[in-house]
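1. no sequence on this one, just coordinates:
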C-alpha cells in the first residue's frame, strides 16, 4: 500500500485505513510510539504494561537516589 502525507495545520498527517487499525487492534485512544532507524518510520502501539513497568522502575531509582532531597524540598 502506498500512501501520501496530507496537510494538517502546520504538520503532515498519515491517514491509516480502518482495516489496518482493526488488524492491529488500534483505535483513536491507543498511544503509538514512533521511532526511526534513520530511513524508515516504525509506528507501534505502546505496550502499556511494559511502559508502566519501566516507569515504576525509573521512579524507584529516582526515589532511591534522591528521596531524602525530594522530602526536604516538599517539606
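-> Yes, it's here. Because the structure is predicted, anything quoted here is derived from the model rather than measured.

2. in this structure, which spans are helices?
-> 18-23, 48-74 (DSSP state H).

3. If you count neighbours, what's buried in the shortest one?
-> Counting neighbours by 16 or more other CB atoms under 10 Å, one finds that helix 18-23 has no buried residues. All C-beta spots, glycine's among them, are computed from the backbone N, C-alpha and C.

4. And for stretch 68-75?
-> Within stretch 68-75, no residue counts as buried by 16+ other CB under 10 Å.

5. chain center to it, what's the gap?
-> Its chain's C-alpha centre and that of stretch 68-75 lie 30 Å apart, by CA atoms, centre = their mean, to the nearest Å.

6. residue nearest the centroid of this protein?
-> In the chain, the centroid-proximal residue (CA atoms, centre = their mean) is residue 33; its distance is 3.8 Å.

7. shouldn't that residue be in contact with residue 41?
-> No - with contact defined as CB atoms under 8 Å, residue 33 does not reach residue 41; the gap is 10.9 Å.

8. What pLDDT does the model give residue 57?
-> pLDDT recorded at residue 57 is 92.

9. how much space is there between it and residue 14?
-> 32 Å (CB to CB, to the nearest Å).

10. what residues are shared contacts of residue 33 and residue 41?
-> Common neighbours of residue 33 and residue 41 (criterion: CB atoms under 8 Å, 6 or more residues apart in numbering): none identified.

11. tally of neighbours for residue 16?
-> Other residues near residue 16 come to 14 when the count uses other CB atoms under 10 Å.

12. contacting residues around it?
-> Here residue 16 is in contact with residue 26 (CB under 8 Å, 6+ apart).

13. How confident is the prediction for it, by pLDDT?
-> On the pLDDT scale, residue 16 gets 95.

14. Residue 52 too?
-> 81.

15. If you rank every helix and strand of this structure by mean pLDDT, what lands last?
-> helix 48-74 (a mean of 89; mean pLDDT, DSSP states H and E).

16. Report the distance from that one to the chain centre.
-> For helix 48-74, the distance to the chain centre is 19 Å (CA atoms, centre = their mean).

17. Could you do stretch 29-37 as well?
-> Worked out by CA atoms, centre = their mean, stretch 29-37 lies 5 Å from the chain centre.

18. No further queries at this time; thank you.
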